[in-house]
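>>> Predicted model, plus sequence, below.
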Amino acid sequence: MALQTAGLAPVTSAERIGELDVLRGFALLGVLVANIVWFSVTYFSAPVERMMEIFENPSDQILLFAVDWLVSDKANTTFATLFGIGFWVQMQRIEERGVAFAALYLRRLFILMVFGLVNILLIWPWDILFIYSLAGLLLFLLRKLPFKVMLVIGLLLVFSRPVLDYLAAMGGFEAIGDQAFTKDAAAQRTAVFTEGNYLQWVAEARDLFWIGGMQSLAIPSWVIYALGRFMIGASIVRSGWLNNIPERLPKLWTIFWVFLIVGLVGEALFAASLIENELVNGILHAATSYLLAIAYGTGLVLFFNSASLRGMVEPFAPVGRMALTNYLVQGVFIGFVLYGYHGGMALAGTIEPQTALMAALLFFIAQVAFSHLWLARYRFGPMEWLWRALTYGSRPAMRLQPA
């Protein structure tokens, strides 16, 4: 049944903010690289013996350090911050049309939660959509907070994950999660992922989600982690920084260089494990990974607003416009490369990190090409269209009208 509310309609291409699409596309590249590299070499997919062999190999150490230093937690930080930005932009636009925001947004969140659970249990156990739906609900409940209060809470929550991980370890919850990552459990998982049938794979994914995620409090910790970034994203919109971006370019150049230098130095200390105290190291990482994510984001905005540099970042925009579709397809691709549950290559435990990285880059290039071709003909990506259709209770026009 369609939502019978005047003025209720999906965002059109003309209403989109080009910088945000570029940022989403770039973040998806980072998410893909971090996911396929780390999941190919750690006990999530590989036997412990293989993991230790890779971590002790000098050439592999360099690559893993680079991914940890430059990519890990920066991409998902950018992605989560953009969710918060999108939340507030959407709320403003819907309320400007005189439409009640709550019913629409909660419906969208529920559908996103269903997408996430299906993805976790049937396709990709390390899905982020389920976590985003829970954090999005909390953001909705906190939307009436004053701007400065929301920003301060968001900044404090940036440091929540290392603190919560420390408290979980002190309370014994981390030990519960470790049951999913023992030497025997990792060996069993690799065997199931690469040699088992699909039903066995689903059962293993379910156990990972419940024991390694819920019982260990890892997923609740990630929800709080995401909420902090959502709140910062919403605060960016509320501050007015998205208005008249060209006028703010000189300030953005200052932010870019300061945050880039501080972020690179701090993340180098973290990635090299030069600080022995785990809590201090985690707090440092939480701060400098966000600074580096902001540096990447401001750099992309500066490039997008430069006549001579814009062409270097514009290819990311169509990928970002189809962010939901491209994210879900990335999970299928990683599963195809690492696991054998859908006739894939089943390379978990054997693929080299360099090969995994190359596969990620080549596949992302394919996503860029596909997104360009698709959006030349259609208004939405396939999953974006489905999300909108389920949200609004009617089927939005898919094909572009001929000029």
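The structure has been received and is ready for your questions.

>>> need the contact list for W374.
Counting by C-beta atoms under 8 Å, 6 or more residues apart in numbering, W374 makes contact with 318, 322, 381. In this view, the C-beta of every residue, glycine as well, is placed from N, C-alpha and C.

>>> closest to M52 among those?
The shortest approach to M52 among the contacts of W374 belongs to M322, at 38.6 Å (C-beta to C-beta).

>>> Check whether the closest one really touches Y378, as I assumed.
No: applying C-beta atoms under 8 Å as the test, M322 and Y378 come out as separate, 9.5 Å apart.

>>> Neighbour count for these two, which is higher?
M322 (26 against 16; other C-beta atoms under 10 Å).

>>> residue contacts, that one?
By C-beta under 8 Å, 6+ apart, the neighbours of M322 are 371, 374-375, 380-381, 383-384.

>>> repeat that for 6 Å
Listed by C-beta atoms under 6 Å, 6 or more residues apart in numbering, the contact set of M322 reads 371, 381.

>>> so where do the helices sit in the stretch 301-403 of the chain?
Ranges of helices in the stretch 301-403 of the chain, per DSSP state H, counting those that start in this stretch, are 310-313, 316-321, 323-338, 353-375, 382-392.

>>> if I look at the residue sitting nearest the centre point of the chain, how far off is G343?
When the chain is reduced to its mean C-alpha position, the nearest residue by C-alpha atoms, centre = their mean turns out to be N76, at 3.8 Å. From N76 across to G343, the span is 29 Å (C-beta to C-beta, to the nearest Å).

>>> Show me what the helix or strand where I294 lies is packed up against.
Per DSSP states H and E: I294 is located in helix 278-304. Here helix 278-304 touches helix 18-41, helix 74-96, helix 160-170, helix 249-271, helix 310-313, going by 3 or more C-beta pairs under 6 Å, 6 or more residues apart in numbering; DSSP states H and E.

>>> tilt between the second one and helix 18-41?
This means helix 74-96. For helix 74-96 against helix 18-41, the angle by axes from the mean of the first three to the mean of the last three C-alpha atoms, to 10 degrees is 140 degrees.

>>> Counting by contacts, list what helix 74-96 packs against.
helix 18-41, helix 101-122, helix 218-238, helix 278-304.

>>> repeat that for 8 Å
Applying 3 or more C-beta pairs under 8 Å, 6 or more residues apart in numbering; DSSP states H and E, we find helix 74-96 packed against helix 18-41, helix 101-122, helix 129-141, helix 218-238, helix 278-304.

>>> I'd say N35 and I334 touch.
Yes: taking C-beta under 8 Å as the definition, N35 is a contact partner of I334 at 5.9 Å.

>>> which neighbours do those two share?
Shared contacts of N35 and I334 (C-beta under 8 Å, 6+ apart): none.

>>> how many other residues sit next to N243?
By other C-beta under 10 Å, 9 other residues sit near N243.

>>> Would you enumerate the residues in contact with it?
No contacts exist for N243 under C-beta under 8 Å, 6+ apart.

>>> So what does it look like in phi/psi?
phi -90, psi 130 (degrees, to the nearest 10).
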